[in-house]
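S.K.: fold the following for me, if possible:
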Amino acid sequence: MIKRIKQALGIEGIKVRIDCPVEHEASAKVIKGVLEFSTKNEQAVNSVILRFIETYKRGRRKNKRIDDYLLGEWFFEEAFTVSPDEPYRLPFELEFDLLQSGVEKFQSKNLIFKGIGEIAKLAKNASSIYTLAAEVKVQGTAFNPRSEKEVYFL
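M.R.: Numbers count the residues shown, from 1 in each chain. Prediction:
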């Protein structure tokens, strides 16, 4: 009885970990890595969704605005089983396109505009956070396991 409740709630269920480099070149268009699944009880995975999200923040105090942009998605819809003996490793290649704000487009024109753009970003308090988020659909659970990892661009 308790075992079924734990399985339905995802307690002692599948854990997912994103294994990929944290730093990438700004010109990169693909993130390569491995999703590692582990569990204490044998369970079946129905599908995996990996999303690359940019959280763009700007403004201060009352005028602060935050937007999330989906830069890329990767789907794996083949079912597989994860056993407690050994972790299951699933390689991925996620293609994405970086978005540029108006200030970043202005900065890319020449070297002088780059400095002016940096000052404008500081004045607007603009920043971006890039996150890889994996969501796993597990058979027989109400709450799906998730994992997130921040990615930085050089």
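S.K.: next, Ile112: phi, psi?
M.R.: Main-chain dihedrals, Ile112, degrees, to the nearest 10: phi -70, psi -40.
S.K.: distance of it from Val151?
M.R.: The spacing between Ile112 and Val151, counted by CB to CB, to the nearest Å, is 30 Å. Glycine gets a C-beta too; all of them are placed from N, C-alpha and C.
S.K.: okay, these two: which has more neighbours?
M.R.: Val151 (21 against 9; other CB atoms under 10 Å).
S.K.: find the nearest non-adjacent residue to that one, please.
M.R.: The shortest distance from Val151 to any non-neighbouring residue, by CB to CB, 6 or more residues apart in numbering, is to Tyr130 (4.5 Å).
S.K.: what is the strand or helix carrying Ile53 packed up against?
M.R.: Per DSSP states H and E, Ile53 falls inside strand 43-58. The contact analysis (3 or more CB pairs under 8 Å, 6 or more residues apart in numbering; DSSP states H and E) places strand 43-58 against strand 30-38, strand 65-76, strand 80-82, strand 88-95, strand 127-138.
S.K.: quick one: the residue nearest to Val151 and Asp68 touch, right?
M.R.: No: under the criterion of CB atoms under 8 Å, Tyr130 makes no contact with Asp68, lying 11.0 Å away.
S.K.: what is in contact with these two at once?
M.R.: Counting by CB atoms under 8 Å, 6 or more residues apart in numbering, the common neighbours of Tyr130 and Asp68 are Ile53, Glu54, Thr55.
S.K.: count of neighbours near the residue nearest to Val151?
M.R.: Tyr130: 19 neighbours (other CB under 10 Å).
S.K.: got the buried residues for the strand holding Ile53?
M.R.: Neighbour counts over strand 43-58 (16 or more other CB atoms under 10 Å) mark Gln43, Val45, Val48, Ile49, Leu50, Arg51, Phe52, Ile53, Glu54, Arg58 as buried.
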